[in-house]
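Asks: what's the 3D shape of this:
(2 chains)
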Amino acid sequence: NAGVMQNPRHLVRRRGQEARLRCSPMKGHSHVYWYRQLPEEGLKFMVYLQKENIIDESGMPKERFSAEFPKEGPSILRIQQVVRGDSAAYFCASSPGAGGWNEQFFGPGTRLTVL
Amino acid sequence: SQELEQSPQSLIVQEGKNLTINCTSSKTLYGLYWYKQKYGEGLIFLMMLQKGGEEKSHEKITAKLDEKKQQSSLHITASQPSHAGIYLCGADKQAGTALIFGKGTTLSVSS
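Replies: Have a look, this model is predicted:
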């Protein structure tokens, strides 16, 4: 059973470009979480999605960032007009969902560098 | 807002020695999760604790959650170089919500 897949693993963008980060959850998992890890700040929650729905986006910056988890295909975290401060490691996690257990399995991350 | 404090921030131990990492919350937790991260890689799930007083072990790693469900400790017995990495505690206030994380404890094991 493959784990959580993220691609690309490394992404370099120039200021003003768009960044698209993809996450394929583990088989059978319908809940996806995106986190961002900045140096010295630790791992911070961004957005929580179920298929076709955003459940909690309280950690998402109000501008330039968006996320989706379509019925078919991976979850996408999209950053428009990237700035240097967006440089970070972005992690996706998935969980089976309902049932009381929130064990989240993490992908290897996408390391975004903004030049 | 809820925060998790981890201590120590970093730790260097000699191979074969025991060590303990602590994680403290200001509020009662629904679940407490321990992860390990190697530099530049993703998080590896270690253990989840949900009940007050619960203790779980896997190989040489033991995690405990106190009765009040506000403090957890991770204990490694007879440390090895393979234990080196960043240990993160995560917590949620209820099932199906996002996790908040401590800032991590960086463990180095010298041989």
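Asks: quick one, what contacts the residue minimising distance to the centre of chain A?
Replies: Geometric centre of chain A, nearest residue: residue A:34, 3.4 Å, by CA atoms, centre = their mean. Applying CB atoms under 8 Å, 6 or more residues apart in numbering or on different chains to residue A:34 gives the contacts A:23, A:45-49, A:67, A:75, A:77, A:90-93. In this view, the C-beta of every residue, glycine as well, is placed from N, C-alpha and C.
Asks: Considering only these, which also neighbour chain B?
Replies: Contacts with chain B within the contacts of residue A:34, counted by CB under 8 Å from any CB of the partner chain: A:45, A:48, A:91, A:93.
Asks: ok, the last one to residue B:99 distance?
Replies: Put plainly, it is residue A:93. 8 Å (CB to CB, to the nearest Å).
Asks: burial of residue A:81, as a residue count?
Replies: 13 (other CB atoms under 10 Å in any protein chain shown).
Asks: Low-confidence bits of the chain, can you list those?
Replies: You didn't pick a chain, so chain A it is. For chain A, the stretches with pLDDT under 70 are A:1, A:98-102.
Asks: um, chain B though
Replies: B:1-2, B:93, B:95-96.
Asks: Is residue A:70 in a helix, a strand, or coil?
Replies: Following DSSP: H, G, I helix; E, B strand; the rest coil, residue A:70 is assigned to coil.
Asks: returning to what we had before: higher neighbour count, residue A:93 and residue B:99?
Replies: residue A:93 (30 against 24).
Asks: got the contact list for the spatially closest residue to that one that is not a sequence neighbour?
Replies: Nearest residue to residue A:93, sequence neighbours excluded (CB to CB, 6 or more residues apart in numbering or on different chains): residue A:104, at 4.0 Å. The contact partners of residue A:104, by CB under 8 Å, 6+ apart, come to A:33, A:93, A:94, A:95, B:33, B:45, B:90, B:99.
Asks: Tell me how far the third one lies from residue B:80.
Replies: With the distance defined as CB to CB, residue A:94 ends up 30 Å from residue B:80.
Asks: Could you do the first one as well?
Replies: Distance from residue A:33 to residue B:80, counting by CB to CB: 31 Å.
Asks: and if you look at the last one?
Replies: Residue B:99 is 27 Å from residue B:80, where distance means CB to CB.
Asks: Bridge partners for residue B:48, pull those for me.
Replies: Judged by DSSP bridges, the bridge partners of residue B:48 are residue B:33.
Asks: That one reaches residue B:35, doesn't it?
Replies: No: the criterion here is CB atoms under 8 Å, and residue B:48 misses it with residue B:35 at 10.0 Å.
Asks: who's more crowded, residue A:94 and residue B:80?
Replies: Taking neighbours as other CB under 10 Å, residue A:94 and residue B:80 compare with residue A:94 leading, 26 against 13.
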